[in-house]
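Engineer: Here you go, sequence then predicted model.
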Amino acid sequence: MKTRVLLGVAIAIVLSGVSQDFRPAALSAADHGDCAALTQLKLPDITITEAAAVAASATGITRPHCRVAGVIGTEIKFSLLMPDTWNHKFLMGGGGGFVGTVQNQAQFVVNAGYATAGTDTGHSGGTTDATWALNNIERQVNFGYLGVHRTAEAAKAILRRYYGSPETRAYFSGCSNGGRQALMEAQRFPDDFDGIVAGAPAADFTGIGAQFIKDVRAQFPDPKDLTPLLAPETMQAVAAQILDKCDALDGVKDGVMEDPRRCTVDVSTLTGLSAAQIAALKTIYAPTHAGSETVFPGQPFGGEGEAAGWPAWISGPAPRQGQPAAASLRYGFGTQLFKYLVFNDPDWDYTKYDLSTWRKDTVKTASFLNATSPDLDAFKAKGHKLLLWHGWADAGLSPLGTIKYYESVQARDPKLDEYVKMFLMPGVLHCGGGTGPDNADWAAAIDAWVESGQAPTRLLAQKGGATPRTRPLCAYPQHAVYNGSGSTDQAENFVCK
């Protein structure tokens, strides 16, 4: 649990683009009302349960602010943070997994003067727990799309009362399920936000579910035995062999593949693997099919040897002494999705499921969970902007799925560059981490684009540590190319091509 909490804080820092030590330019103190008095504020279908002034927070929020908590409707809980020194902008953060607690992946933007909010989307539960959805369409729809929209409206109403003036800009930033929430906002509620950042979005939720079940069956064919077929040490050996063959394809041998699609390793040639392990790897790297239909792209090479990569998401972590083997996150999310959001059957058995009926089985679920519509006409017409980003080594959600969505928008509107930009991050795991530079200031990027109208074509990503590394992120389909001189750990020695 402690690891999960720390990972959540780290993801929030990456998403907001504001480190815990961020010191923005001086902001003038905003005129605002009495924070505690907000408990008496009356708004339709909203109950404010807490309003308290906070000097600072041990979690890294260093700016004094007013914290408001409340409930929308029956059970959509939310939290709103309003800084004493306000930049007159609102930036809402997303929530990961099945949410289940009030989450705000962008909470640290308070340090830069933004008001910010998060929500549990209307239910309580663990990250991979979907039991709350059993035969409860209200909770399912709230999680699917309505909870975020209602929270955005409630937060804006409260901050306008508190500051006595409306926000000049409104933004949303989220990763994973938070990225799906981001796309859902652009597609369903184009009035809510001027700019949206969608990181590693779980956009095709039901397609991802099909991929997860396919991979679970390859890795865990017996639900009573969750011992990894592909142990972490095995995956480290696989990762080393793949990097040895493909690392230098981008002109730089640095432990990072600029574009894993260039890597064409035949898994059958990898050494130290049994026939069963080779077969499982081939299945996992391959696209997902439901009958004759290809429903989700394959898994590119990358992240195989890192604990937060394949062992966490796909192949399963190493068993702990005295404890039963733990399944992967794909096992958790995939089985819970089908049990509680597709079939409403806690006894559903993934080993007996025929994926050929997947399309018919998931029609209803897709109607409120999937954020795959390429129609962004209303969003575009308002002059709003969308930034997509994804880590190339993401073992949680295939970056090929995000590319697929980008290309579907492009096929519908060849001029999407006017309002959509996508950035792929080499060597970066799910929502952050990995060997590649994983920290980019997405909040500043979307704000600058909305304010200036100048689309970003090159952003800076950085990674701290004993040997700090920076690398440019290039707007897709361009990628960073080493110019042949200077340190390969410095962004200025790369160009976008």
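Structural biologist: Sure, I can see it.
Engineer: residues of stretch 337-350 that come out buried?
Structural biologist: Neighbour-count burial for stretch 337-350 flags Leu337, Phe338, Lys339, Tyr340, Leu341, Val342, Tyr350 (criterion: 16 or more other CB atoms under 10 Å). Where C-beta positions appear, they are placed from N, C-alpha and C, glycine not excepted.
Engineer: Among those residues, which lie within strands?
Structural biologist: Among the buried residues of stretch 337-350, no member is found in strands (DSSP state E).
Engineer: Need the max-distance pair from these.
Structural biologist: For those, the maximum inter-member distance is 14.1 Å, found between Leu341 and Tyr350 (CB to CB).
Engineer: one step back: closest to Leu459 out of the buried residues of stretch 337-350?
Structural biologist: Using CB to CB, the buried residues of stretch 337-350 come closest to Leu459 at Leu337, 32.9 Å.
Engineer: Grab the nearest non-local neighbour of that closest one.
Structural biologist: What sits nearest to Leu337 in space, not counting adjacent residues and going by CB to CB, 6 or more residues apart in numbering, is Gly209, at 4.4 Å.
Engineer: same deal with Ala152?
Structural biologist: Distances taken as CB to CB, 6+ apart place Asp192 nearest to Ala152, at 4.9 Å, with adjacent residues excluded.
Engineer: ok, Pro346 to Pro260 distance?
Structural biologist: 37 Å (CB to CB, to the nearest Å).
Engineer: now Glu293
Structural biologist: According to CB to CB, Glu293 stands 25 Å off from Pro260.
Engineer: Which one's more surrounded, the two?
Structural biologist: Pro260 (23 against 12; other CB atoms under 10 Å).
Engineer: okay but the more buried one is in contact with His390, surely?
Structural biologist: No: the pair Pro260 / His390 is not scored as a contact, 11.7 Å apart, by CB atoms under 8 Å.
Engineer: show me what contacts Thr234?
Structural biologist: Neighbour list for Thr234: Gly272, Leu273, Gln277, Ser315 [criterion: CB atoms under 8 Å, 6 or more residues apart in numbering].
Engineer: so which strand or helix has it?
Structural biologist: Assigned by DSSP states H and E, Thr234 belongs to helix 232-246.
Engineer: What residues sit buried inside whatever helix or strand comes next after that helix?
Structural biologist: Next helix or strand after helix 232-246 toward the C-terminus (DSSP H and E): helix 275-285. Applying a neighbour-count criterion of 16+ other CB under 10 Å, one finds Gln277, Ala280, Leu281, Thr283, Ile284 buried in helix 275-285.
Engineer: wouldn't the first one be in contact with Met235 here?
Structural biologist: The one in question is Gln277. No: taking CB under 8 Å as the definition, Gln277 is not a contact partner of Met235, at 9.8 Å.
Engineer: where are the low-confidence patches of the protein?
Structural biologist: In the predicted model of the chain, residues 1-30, 58 satisfy pLDDT under 70.
Engineer: mind listing the strands in the stretch 51-200 of the chain by residue range?
Structural biologist: Using DSSP state E, counting those that start in this stretch, the strands of the stretch 51-200 of the chain run over residues 65-72, 76-83, 89-93, 116-119, 169-175, 195-199.
Engineer: out of the ones you listed, which comes closest to Leu43?
Structural biologist: Judging the strands of the stretch 51-200 of the chain by CB to CB, what sits closest to Leu43 is strand 65-72, at 8.9 Å.
Engineer: what's the closest one in contact with?
Structural biologist: Applying CB under 8 Å, 6+ apart, the external contacts of strand 65-72 come out as 32, 35, 38, 45-54, 77-84, 102, 110, 147, 150-151, 154, 158, 162.
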